[in-house]
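Enquirer: sequence first, predicted model second:
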Amino acid sequence: MPDTVVGKSVSRVDAVAKVTGKAKYTGDFVMRDMLVGKILRSPYAHAIIKNIDVSRARALPGVAAVLTYKDVPRNRFPTAGHPHALDPKHRDKADRTILTDKVRFVGDAVAAVVATDELIAAEALKLIAVEYEVLEPLLTPEAAMAEGAPLIHDDCPGNILSSGGYEIGDVEAAFQEADYIFEDELETSIVQHCQLENHISIAYVDSDGRIVIITSTQIPHIIRRIVGQALGIPWGRVRVIKPCVGGGFGSKQDACLEPLAAAMTLAAGGRPVKLELSREECMIDTRTRHAIKYRIKTGVTKDGKLIGMHIRAIANTGAYASHGHSIAMAGGSKFRVLYPMRALKYEPYTVYTNLPVAGAMRGYGSPQITFAVESHLDNIARKLNLDPVEFRLKNLVQAGYIDPLNGNAVRSCGIHECIARGKGLIKWDEKKARYKGQTGSKRRGLGMACFSYGSGTYPVGQEIAGARIVLNQDGSVQLQIGATEIGQGSDTVLAQMAAATLGLPVDMVHVISTQDTDIAPFDTGAYASRQTYISGMAVAKAATEVKEKILDFVRGMTDIPAHALDIEDQNIVYKHSGEVVMPLAEVALQSYYDPVFARPITSDTSNNARINAFSFGVSFAEVEVDLKTGKIEVVEIYNVHDSGKIINPQLAAGQVHGGVSMGLGYALSEQMLFDEETGKPLNNNLLDYKLPTIMDVPDIGVDFVETFEPTHPFGCKSLGEPPTIPVAPAIRNAVFDATGVAFARLPLTPQLVFARLKAAGLVQEGGDGCV
Amino acid sequence: MYNIQGYFEAATVEEATAYLAANPDLIIIAGGTDVLIKMHHGQIEKARLLSIRGIKSLQGIRRLEDGTIVIGALTTFTRVGDDPVIKANIPVLAEAALAMGGPQIRNVATIGGNICNGATSADSASTLFALNARLQLQSRQGERVVPIQEFYLGPGRVDLKPGELLTEILISPGDYQSYGGHYIKFSMRKAMDIATLGVAVLCRVQGGVLADVRIGLGVAGPTPLRCNEAEDYARGRAITPETIAEIGKLAVRSTKARTSWRASREYREHLVEELTGRALRVAVARAGGIKIA
Amino acid sequence: MLKKISFTVNGTPVAIEVDVRETLLEVLRNRLGYTGVKKGCEVGECGACTVLIDGTPIDSCIYLAVWAEGKEIVTIEGIARNGELSKVQKAFIEEGAIQCGFCTPGYVLTATAMVQSGKQYTREDIKRELAGHLCRCTGYQNIIKAVEKALEEERKEGGSHAANR
Ligand SMILES: Cc1cc2nc3c(=O)[nH]c(=O)nc-3n(C[C@H](O)[C@H](O)[C@H](O)COP(=O)(O)OP(=O)(O)OC[C@H]3O[C@@H](n4cnc5c(N)ncnc54)[C@H](O)[C@@H]3O)c2cc1C
Ligand code: FES
Ligand code: FES
């Protein structure tokens, strides 16, 4: 296959639109007569709505509709962006209704107003009188799991949304054999996606009576289904349009607004309604990342081999299920191939609490478990007096390994090389030696952490992807995919794949970036780092089909057998010599206008990928810790990834930069805080929630170990989410190296770090003697 | 859309004071970077606003013949950080100004608004405290000048009488000439952040001795404050690590920090001690070599 | 309460009645159709709504529309001229500084102001000047590179007259 375009840093296909302001996001659709929707939110974390009086709000001039749970369908529906499971037992938990009569976190939607402008809508919200019966708020998993705790959802005893897990081998037997046993408790914090574009949907009823929803989503086809389920109408009556999306990171892999937006337009006689969350709302009533507490017990042999590990995890999933039931499990599955051991037991509990809803976020459970396991491994390495890198090398997976539980195989494996490169980049050995025995008030340290991750969700989830290619009259093609561009660059890499297959330059591939469920092929959407891998297979399949049809058409024109032909550089050529037979454009024109044989060339394919591929990588970090303030400065950081063949190095590096910066925030500063008594959010805005600014991010070093993944036509594997995964533990391990203090929770804020350093006797009173 | 119920504009101080005298409920808006945010969050509802942005006489910085530096209340942070008079004479104030917010905020936020907003975290305040800044206030009734220390009454409360406008900030030559200074903004992020602690230290050095030290702190209590005990101790002492350590310790005594979700009292107090010392070291270095009459 | 004001947007004179409650962001987006101006927070924290007012970057979400009287406003739509991208825009594309693109218009405008200023910037200065913008996608790396590149190109050409080209 000629792959002239694959592997090149071609510019994004949407770059010009985005740099000129022409790119159209949901909020940029202006419609005559558009109304504004607003949500009344609960001031209580846990309460039953005893009474709700909306009469004054309804009477306010300019108010088109007021909705409470009484006015909307009461169908229970799931919100998670997963393919629909035919088997009811495997379906996502349906624990939501469009509006609720029981509020389960501060900010839960109680009622909604549709009005002519936002100030009237806001005024109307104030006129709604709600009488609550306040219940005990359960703000931690411990409180929620306690004997006698009230139930957040009546059908969920113990407030445990899911448990389960797995055991490979016999972990107790392994512990018996181990020379050493180590135990640790580690925990992560609740963080938020903070994609720049807040959640927004515009809904209206079109002239055929169908509900159209323009929405900022990662999963248009799934949204169609969920809205159908929520309203209890045939799914085909819903049309979902996904224009440009200003980032998602998982928070838009969920139906946060669309069912309500649909209900709003129905209540307003089908007029367009814009439902747009403010940043403050977006931070509490979309999704968050699960905070998870881990207890890990590990058995190790004298020579540093891991032989058994038992991990117990308690994940705080907040008020509604969303993806909750699958995240702890996904994290526990994707990490386990990294260090194959004789026995591994994983026991996750996902627990409802009266906090904002946790759902999918970049890495989907992996950043949490990777933080825990990789920190734990460094604790062990130190106790065994082993270099953390050496310790890992003794235990790392090799190509050929097959996951005993799901049968996914490690066919390409560059993790060893990733580590070697990372070590070199950061000058591990040299600096390790240099920083031995430091004494000053500023200490340097090095740390690293590895990860493994999947490409898509198979076999847990179905991996279906669609692509449609039309050969235009000029020899260019239209490429239409169901996969969604949300900033990660999928439109561009998919165009590259189509171009490479068809012997075209990328600018001859016109990508239809908008997904409209009426028109776009079916694809479940942007998540699980699946699109380059899974949707790429569909694009390759469609492009190959078009190519075959082209060559077959040429055969009809020339009598040269198709197998002797190829397309190169927009020409039909002889495969063996490269000699040009005719320009592709000529074939294209002929395919439309040949008086007898005209048969425009298209393909419309779907690919059900029953396969998965493991990607790997490592973060190496150097930090400087100011012992006297607890402040951590990341001096250097490198991420080295094995994501198979890199389709577009510049875009790939961009994914790594963004992921690392998100990981830096996770490590050092980001956390959502809530009042410990009431559950009220304390920092749901971008000033108080500390995502890193440009001044806070050091230069990020990026490298790729390009293996070739044989299950993919272009050899690629996942990259979208992975860069976030190993960053926090690498930084934590570097701080551990610098200070000897085994930090056990995120984020490593100055106050927390200082308190621990002080407790460890590392902070002397008074000045350090240098003026 | 902000829920603004009335809007007026004044082009001169006289016009502004006349508006205020006639409509005591008017809320003054300058850059709006506090007022509009409060409206967004519902802390101010249905306000009637008096915009003073158009008052040219309150914009800019000048140095009077006697050396007094006069900063118009409407001077933006960008201007304070960039102004040749400030950079040449009170570089620590420029340093503090540039520690504030981000460029777009600094391009509109005014120093007068920063002070009148009454926040303990105001990035200009600790430095202005250390500089013994005086505030010129004007109303229909006339003018008065108040030392900045007396202007702050409590969290978000300042001594602005009904009908009064802050017109100018005055800094006397004796309060900045020969002083070296340093402002440390301790915050989680290096930009776009509110200080966990703001420490401004000014000092004058004479013959290896601390002739004068002034310490202004933000977020160490409900209002910005000065550390009188530490300053008294410092005066006339030789510059040694021990002295500096002791000054840091004594500085804590003037604080009234509290625990909030942003930081605990203990941690803030520790930071006061540590960062006062650090700021003082830099201030000493910057004051060094300057001949003091 | 309505107020009639006049200003220019990207060189085009505009005279309209605005509601005193409206922000410049709203007037530009909703009334004048300059939807390249983005909204990420409405409170000055993200920089997505940045426009140039008399050449200076400001957050249009916390700038009342009535304040625009007599001002020259430049939005992202005014940066490319006759279909030709500016240096800054080209550099953003070439350096891969764009992902979801929601922050991009704001950055391009601040960077344009920097290029037009004729000042010299160190890497640290560049970061400080861009610090009023948040980007969740790019980790800022390629944005810094793009701005460095645009400044360098401008320096090579040695004049601010061409900054907009
Ligand atoms: C994103 C963001 C980041 C910020 N970061 C910082 C920061 O890092 N450090 C910091 O200190 N602040 C910060 N602030 C707060 C704010 O920008 C400053 O306090 C600013 O100086 C306020 O000035 P202004 O002109 O915008 O005030 P306005 O909002 O116009 O007014 C503030 C208050 O002062 C009153 N007022 C204004 N001028 C006068 C006058 N001349 N006479 C009498 N009363 C007057 C007003 O009535 C109002 O009560 C930030 C704000 C935002 C939105
Ligand atoms: S929308 Fe204006 S700064 Fe965020
Ligand atoms: S590119 Fe998405 S926020 Fe910057």
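Expert: On my side now, so go ahead. Note that the coordinates shown come from a computational prediction; the quantities given were computed from them, not determined experimentally. Ligands and ions are numbered 1, 2, ... in the order given.
Enquirer: for chain B, which segments are assigned as strands?
Expert: B:4-9, B:27-29, B:47-51, B:61-63, B:69-72, B:134-139, B:142-147, B:152-154, B:157-158, B:165-171, B:180-186, B:197-206, B:209-218, B:225-226 (DSSP state E).
Enquirer: cool, and the stretch 451-600 of chain A?
Expert: Per DSSP state E, counting those that start in this stretch, the stretch 451-600 of chain A carries strands over the ranges A:464-471, A:477-481, A:509-512, A:515-516, A:565-568, A:571-574, A:580-583.
Enquirer: if we can go back for a sec, and residue A:69, which of the strands of chain B is closest to it?
Expert: strand B:4-9 (33.9 Å; CB to CB). Yep, even glycine has a C-beta here, placed from its N, CA and C like the rest.
Enquirer: quick one: check the closest one for contact with ligand 1.
Expert: No: counting by CB under 6 Å from any ligand atom, no contacts exist between strand B:4-9 and ligand 1, the nearest distance being 13.0 Å.
Enquirer: what comes up buried for that strand?
Expert: Buried positions in strand B:4-9, judged by neighbour count with 16 or more other CB atoms under 10 Å in any protein chain shown: B:4, B:7-9.
Enquirer: could you dump those residues to TSV with distance to chain A and pLDDT?
Expert: Formatted as TSV, these follow (distance: CB to the nearest CB, whole Å; pLDDT from 0 to 100):
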residue	distance to chain A	pLDDT
B:4	10	96
B:7	15	97
B:8	20	97
B:9	22	97
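Enquirer: check the stretch 101-250 of chain B for the residue nearest ligand 1 and tell me.
Expert: For the stretch 101-250 of chain B, the residue closest to ligand 1 is residue B:113, as judged by CB to the nearest ligand atom, at 2.2 Å.
Enquirer: what is the burial count for that residue?
Expert: 25 (other CB atoms under 10 Å in any protein chain shown).
Enquirer: if we can go back for a sec, distance to chain C and mean neighbour count for the strands of the stretch 451-600 of chain A - can I get that in TSV?
Expert: Shown next, in TSV, are the strands of the stretch 451-600 of chain A (distance: least, CB to the nearest CB, whole Å; neighbours: other CB atoms under 10 Å in any protein chain shown):
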stretch	distance to chain C	mean neighbour count
strand A:464-471	21	24
strand A:477-481	18	24
strand A:509-512	15	19
strand A:515-516	15	22
strand A:565-568	27	20
strand A:571-574	28	19
strand A:580-583	28	15
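Enquirer: can you lay out the ones you listed as CSV showing distance to residue A:391 and mean pLDDT?
Expert: Converted to CSV, these look like this (distance: least, CB to CB, whole Å; pLDDT from 0 to 100):
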stretch, distance to residue A:391, mean pLDDT
strand A:464-471, 39, 98
strand A:477-481, 43, 98
strand A:509-512, 46, 98
strand A:515-516, 46, 98
strand A:565-568, 50, 97
strand A:571-574, 54, 98
strand A:580-583, 58, 98
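Enquirer: any chance of those strands in TSV, plus distance to residue B:283?
Expert: TSV is the format used below for the strands of the stretch 451-600 of chain A (distance: least, CB to CB, whole Å):
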stretch	distance to residue B:283
strand A:464-471	63
strand A:477-481	61
strand A:509-512	59
strand A:515-516	60
strand A:565-568	70
strand A:571-574	73
strand A:580-583	75
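Enquirer: right, so of these, which gets closest to residue B:120?
Expert: Closest among the strands of the stretch 451-600 of chain A, once you apply CB to CB, is strand A:515-516, at 49.9 Å.
Enquirer: tell me the strands beside that closest one, with direction?
Expert: Here strand A:515-516 has these sheet partners by DSSP bridges: strand A:238-242 (antiparallel).
Enquirer: and the contacts of the partner strand?
Expert: Strand A:238-242 has contacts (CB atoms under 8 Å, 6 or more residues apart in numbering or on different chains) with A:206, A:210-217, A:220-221, A:223-224, A:227-228, A:231, A:258, A:262, A:484, A:514-518.
Enquirer: 6 Å instead, please
Expert: A:210-214, A:217, A:220, A:223-224, A:227-228, A:484, A:515-518 (CB atoms under 6 Å, 6 or more residues apart in numbering or on different chains).
Enquirer: gap between that strand and the chain center?
Expert: Relative to the centre of its chain, strand A:238-242 is centred 21 Å away, using CA atoms, centre = their mean, to the nearest Å.
Enquirer: check which residues of the helix or strand following it are buried.
Expert: Following strand A:238-242 in sequence order, the next helix or strand is helix A:258-267 (DSSP states H and E). Across helix A:258-267, burial judged by 16+ other CB under 10 Å covers A:258-267.
Enquirer: leaving out sequence neighbours, find the closest residue to the residue in the stretch 101-250 of chain B that chain C sits nearest to.
Expert: Of all residues in the stretch 101-250 of chain B, the one sitting closest to chain C is residue B:102 (2.9 Å; CB to the nearest CB). Leaving aside its chain neighbours, residue B:102 sits nearest to residue C:132 (2.9 Å; criterion: CB to CB, 6 or more residues apart in numbering or on different chains).
Enquirer: the strands of the stretch 451-600 of chain A: which one's closest to residue C:13?
Expert: strand A:509-512 (37.2 Å).
Enquirer: report all helices and strands that the closest one contacts.
Expert: Contacts defined by 3 or more CB pairs under 6 Å, 6 or more residues apart in numbering or on different chains; DSSP states H and E place strand A:509-512 against strand A:477-481, helix A:490-502.
Enquirer: where does pLDDT dip in chain C?
Expert: C:159-165 (pLDDT under 70).
Enquirer: pull out the buried residues from the longest helix seen in it.
Expert: With secondary structure taken from DSSP state H, chain C has its longest helix at helix C:141-157. Residues of helix C:141-157 classed as buried by neighbour count (16+ other CB under 10 Å): C:141-151, C:153-154.
Enquirer: what do you get for stretch B:258-270?
Expert: Here stretch B:258-270 shows B:262-263, B:267-270 as buried, counting by 16+ other CB under 10 Å.
Enquirer: contacting residues for residue B:132?
Expert: Shown in contact with residue B:132 (CB under 6 Å, 6+ apart): residue B:175.
Enquirer: contact partners for the residue in chain C that ligand 1 sits nearest to?
Expert: Chain C approaches ligand 1 most closely through residue C:44 (3.6 Å), counting by CB to the nearest ligand atom. Contact analysis of residue C:44 by CB under 6 Å, 6+ apart lists B:105, C:59, C:62.
Enquirer: please repeat the previous calculation with a cut-off of 8 Å.
Expert: B:33, B:37, B:101, B:104-105, C:59, C:61-62.
Enquirer: let me see the confidence value for the residue nearest to residue A:544 when sequence neighbours are not counted.
Expert: Spatial nearest neighbour of residue A:544, chain neighbours left out: residue A:501 (5.9 Å); criterion: CB to CB, 6+ apart. At residue A:501, the pLDDT value in this model is 97.
Enquirer: other SSEs contacting the helix or strand harbouring residue A:449?
Expert: Taking DSSP H and E as the criterion, residue A:449 maps to strand A:442-453. Counting contacts by 3 or more CB pairs under 8 Å, 6 or more residues apart in numbering or on different chains; DSSP states H and E, strand A:442-453 is packed against helix A:366-383, helix A:388-395, helix A:415-426, helix A:428-434, strand A:615-626, helix A:727-739.
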